[in-house]
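Asks: below are the sequence and a predicted model for it; my questions follow.
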Amino acid sequence: NLFMEWMPGGSVAKLLEMYGPFNESITLRYAFQVL
């Protein structure tokens, strides 16, 4: 999974477990950081 490889300070899976699904603005932020 691309996002898990680029996530500083933890994994996306851990954040999803803690906070639930991301809203669109957070998802876009992660996508733009990768691009």
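Replies: All right, it came through fine.
Asks: which one's the longest helix in this protein?
Replies: Counting residues, the longest helix found in the chain (DSSP state H) is helix 24-34.
Asks: mean confidence score for that helix?
Replies: Here helix 24-34 scores 85 as its mean pLDDT.
Asks: mind listing what's buried along that helix?
Replies: For helix 24-34, the buried set under the neighbour-count rule, 16 or more other C-beta atoms under 10 Å, comprises Tyr30. To be clear about C-beta, it is placed using only N, CA and C from the backbone, and glycine gets the same treatment.
Asks: start at 10, not 1
Replies: New numbering, starting at 10: the last item is helix 33-43.
Asks: please name every helix or strand in contact with it.
Replies: helix 11-15 (3 or more C-beta pairs under 8 Å, 6 or more residues apart in numbering; DSSP states H and E).
Asks: and the helix it packs on, what's its mean pLDDT?
Replies: Averaging pLDDT along helix 11-15 gives 57.
Asks: how far is the helix or strand that it is followed by from where the chain is centred?
Replies: Sequence-wise, the next helix or strand downstream of helix 11-15 (DSSP states H and E) is helix 21-28. Distance of helix 21-28 from its chain centroid, counting by C-alpha atoms, centre = their mean, to the nearest Å, is 8 Å.
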